[in-house]
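[1] no FASTA, just this:
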């Protein structure tokens with residue numbers, strides 16, 4: 001049986017070339033995690049007798065392995081074009097809140113990730129996760145794609161150094177834009193990519209990434225350098241993203257010792273031996289809640305872009321990608337990384353025509369290949385890969401057309417979902433806003449009888465989550 005038959009490419013109206021191109025696109029867009037995840041986790045994970053450089057390299061290897069395993073399961077079991085890797089936000093919560101903030105040993109934090117993954121596997125096996133996702137109100141399901149689009153766009157604009165922090169307005173247009181080669185080159189690459197996409201050029205997103213990267217290398221060779229973030233902060237009182245060069249620094253390479261991840265893998269076992277029940281349960285609950293709804297939102301939003309959703313706004317056979325996510329989280333925690341989740345950058349591959357697990361298989365293979373060759377995360381400048389997020393964000397805004405804006409019981413939860421996602425940098429928080437507001441608005445207009453009891457329970461659980469997450473409960477339990 002060939003690839004076309006195994007992944008049923010004809011049934012999905014695609015071919016091998018399209019799927020491979022989509023996989024490459026998704027990988028290039030999300031490959032930054034190979035560097036970003038170790039940079040974050042190495043702040044918290046400090047192994048006795050192991051230096052920081054080797055720790056960074058070990059976490060990079062673990063990141064690649066966990067992403068490859070999870071995405072491979074997604075490919076061959078779920079047959080969906082969704083890629084997975086350790087999640088941003090969740091790794092920051094792991095490092096800065098749980099370990100550094102609360103003083104929880106990093107081994108115990110890894111144990112919480114593993115327990116969360118096992119719980120996910122059990123809930124997915126009995127259909128509980130699928131049942132809960134089906135309880136999402138219809139306006140939330142229809143608007144989550146647009147919310148994710150705005151979320152992607154603001155991430156991209158920030159990395160492109162077009163949008164910067166401001167103490168008065170929180171975000172603003174970069175006051176040093178014209179003198180920042182990164183920002184100028186990023187915007188030129190963005191409009192080039194949009195023009196190629198508008199003209200239906202095959203592989204337009206990959207072409208945009210490659211051409212922008214090559215232009216960056218050429219500008220670097222001519223002596224142009226990135227505008228220093230520190231200088232902008234001193235002169236203009238704004239916060240820019242971390243300094244970057246137009247051409248990436250020397251590639252990260254792994255020596256033989258770096259492949260020995262034994263000091264990291266299996267550390268969760270030690271963590272399980274030093275558990276304080278109350279605080280451990282709260283940490284597991286927080287990991288569980290954010291991962292659950294991040295994944296649910298991503299699968300629904302990207303599934304909408306791909307045309308996978310049925311007439312009720314549900315993703316058919318969602319239990320399979322959910323199981324891939326659960327297995328990825330469990331394996332990742334055992335290896336030594338934070339929660340693995342489905343990536344919203346999968347939307348870039350879907351926009352390139354990816355419709356089956358062959359797209360995910362290509363991503364998984366490229367993650368494995370990065371163990372032996374120079375990681376593309378370093379070869380491709382982040383500003384070149386992240387401009388694609390703005391392109392996809394623009395495209396995903398089309399999803400708002402499906403919302404019945406003339407019905408206030410749709411308008412409020414849909415708008416809350418769309419607005420809260422980018423401004424809180426969280427898919428889960430956007431879902432929370434929509435899910436909590438839906439039954440309240442329904443009750444306010446006298447339509448409480450149309451709200452499923454499970455939707456009231458979901459809303460109550462989100463309220464409980466926010467109380468635990470932001471009310472000092474975690475720190476008080478430790």
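    On my side now, so go ahead. Note that the coordinates shown come from a computational prediction; the quantities given were computed from them, not determined experimentally. Numbering: from 1, shown residues only.

[2] Name the nearest residue to residue 363, ignoring sequence neighbours.
    Distances taken as C-beta to C-beta, 6 or more residues apart in numbering place residue 83 nearest to residue 363, at 4.3 Å, with adjacent residues excluded. Where you see a C-beta, it was placed from the backbone N, CA and C, and this is true even at glycine.

[3] can you give me phi and psi for that neighbour?
    Note on residue 83: backbone dihedrals following degrees, to the nearest 10 are phi -100, psi 150.

[4] List the contacts of it.
    Contacts were defined as C-beta atoms under 8 Å, 6 or more residues apart in numbering; by that measure residue 83 touches 26-27, 30, 67, 71, 74, 342-343, 345-346, 349, 359-360, 363-364.

[5] A strand includes residue 149, no?
    No: with DSSP: H, G, I helix; E, B strand; the rest coil as the criterion, residue 149 is assigned helix and is not in a strand.

[6] what about it, how many neighbours?
    Other residues lying near residue 149 total 28 when counted by other C-beta atoms under 10 Å.

[7] do you know how far it is from residue 25?
    17 Å (C-beta to C-beta, to the nearest Å).

[8] Same check on residue 272?
    Residue 272 is 40 Å from residue 25, where distance means C-beta to C-beta.

[9] Could you check which of the two has the larger neighbour count?
    Using other C-beta under 10 Å, the more surrounded residue of residue 272 and residue 25 is residue 25, with 31 against 15.

[10] mind listing what's buried in the strand or helix carrying that one?
    Using DSSP states H and E, residue 25 sits within helix 16-30. Of all the residues in helix 16-30, those buried under the rule 16 or more other C-beta atoms under 10 Å are 18-30.

[11] residues touching residue 459, list them.
    Residues near residue 459 by C-beta under 8 Å, 6+ apart: 435-436, 438-440.

[12] If we use 7 Å, what do you get?
    By C-beta atoms under 7 Å, 6 or more residues apart in numbering, the contact list for residue 459 reads 435-436, 439.

[13] Look up the closest residue to residue 448, ignoring the ones flanking it.
    Residue 448 sits nearest to residue 442 (C-beta to C-beta, 6+ apart), 5.8 Å away.

[14] Packing partners of the strand or helix carrying the one you found?
    Assigned by DSSP H and E, residue 442 belongs to helix 427-444. Applying 3 or more C-beta pairs under 7 Å, 6 or more residues apart in numbering; DSSP states H and E, one finds that helix 427-444 contacts helix 138-159, helix 277-306, helix 408-424, helix 453-470.

[15] what's the angle between it and helix 408-424?
    Relative orientation of helix 427-444 versus helix 408-424 (axes from the mean of the first three to the mean of the last three C-alpha atoms, to 10 degrees): 160 degrees.

[16] and the gap between the closest residue to residue 355 other than its chain neighbours and residue 343?
    Take residue 355 and drop its neighbours on the chain: the residue closest to it by C-beta to C-beta, 6+ apart is residue 12, 4.1 Å away. Noted for residue 12: a distance of 20 Å to residue 343, by C-beta to C-beta.
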